[in-house]
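# whatever this is, show me its structure:
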Amino acid sequence: MDHSVFQVYEDEIQSLEEEIKLLTEKHEDSLQELAFFSDEEIVISIKSFQGEFQGESKGCESDLKAQLASLLTDFSFLMKFSGIKFTNHLKKTVERTRNRTVQKHSLAGNCHSLSFQLEFQLLELQNKEDVSAVITDLSIIMESGEDSDMSKFVSSTEEHRNLLTFFRSLSSYGEWCEHRRCTFLHFKKDEPMVDA
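Numbering: from 1, shown residues only. Here you go, the predicted model:
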């Protein structure tokens, strides 16, 4: 072989030996730094760190409990205010991609003396700026009895897929039905029906 090829290999070997020497020195320095701390000091600092972490997690836990209590209070107020009480909610993710999520929801509840069931799909689209949600496949089941206006309202709501309008109207209608029922009970008590 040529002498220049040997020289290249020798230079490479020399470079690697220097790098090994530097790394060995750094390793010995770090071992000496660790030797400054006794086992007890290391254990104490680990326990101190764990204590700080547990204190922070307890603080977070108490904050979460306070937030949950506040949300439950708000939810209770809204149920009393609107008369709407949810008795069941099921959610199932049908499809999930990077920027699209489809969830199927099923809700059941009552508003005063009216019971309702809803089924719908919620399509969430996410782009760089924001997230938009669209309700699809809305189905509402209510016992409207002989009230054709309620049937028309339910059909219109299913067509337009506007849940906010549905719940606002349901709250007002349910309150009106409750007043009407109480009024008829009052008259029925005072004026018994005469058999014909």
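# helix or strand: which one has Val102?
Val102 belongs to strand 100-111 when assigned by DSSP states H and E.
# got the domain ranges for this protein?
Domain ranges of the chain: 3-36, 83-190, per automatic domain parsing.
# worst average pLDDT in the ones you listed?
For these, the stretch scoring lowest in mean pLDDT is domain 3-36; its value is a mean of 77.
# and Glu6, how close does it get to Ile13?
For the record, residue 6 is Phe, not Glu. According to Cβ to Cβ, to the nearest Å, Phe6 and Ile13 sit 10 Å apart. In short, each C-beta sits where N, CA and C put it, glycine included.
# and what of Asn99?
Per Cβ to Cβ, Asn99 is found 55 Å from Ile13.
# next one: Ser132
Distance, Ser132 to Ile13, by Cβ to Cβ: 64 Å.
# could you do Arg168 as well?
With Cβ to Cβ as the criterion, Arg168 and Ile13 are 83 Å apart.
# now Lys80
Taken as Cβ to Cβ, the span from Lys80 to Ile13 is 84 Å.
# related to what we said a few turns ago, who's more crowded, Arg168 and Ile13?
Neighbour tally, Arg168 and Ile13, criterion other Cβ atoms under 10 Å: the higher count belongs to Arg168, 13 against 10.
# name the SS class of the more buried one, please.
Classification of Arg168 by DSSP: H, G, I helix; E, B strand; the rest coil places it in helix.
# please apply the same query to the one 4 residues further on.
For Ser172, the secondary structure call by three-state DSSP comes out as helix.
# secondary structure element for the residue most central in space within the chain?
Closest to where the C-alpha atoms of the chain average out (Cα atoms, centre = their mean) is Lys91, at 11.3 Å. Assessed by DSSP H and E, Lys91 sits inside strand 84-96.
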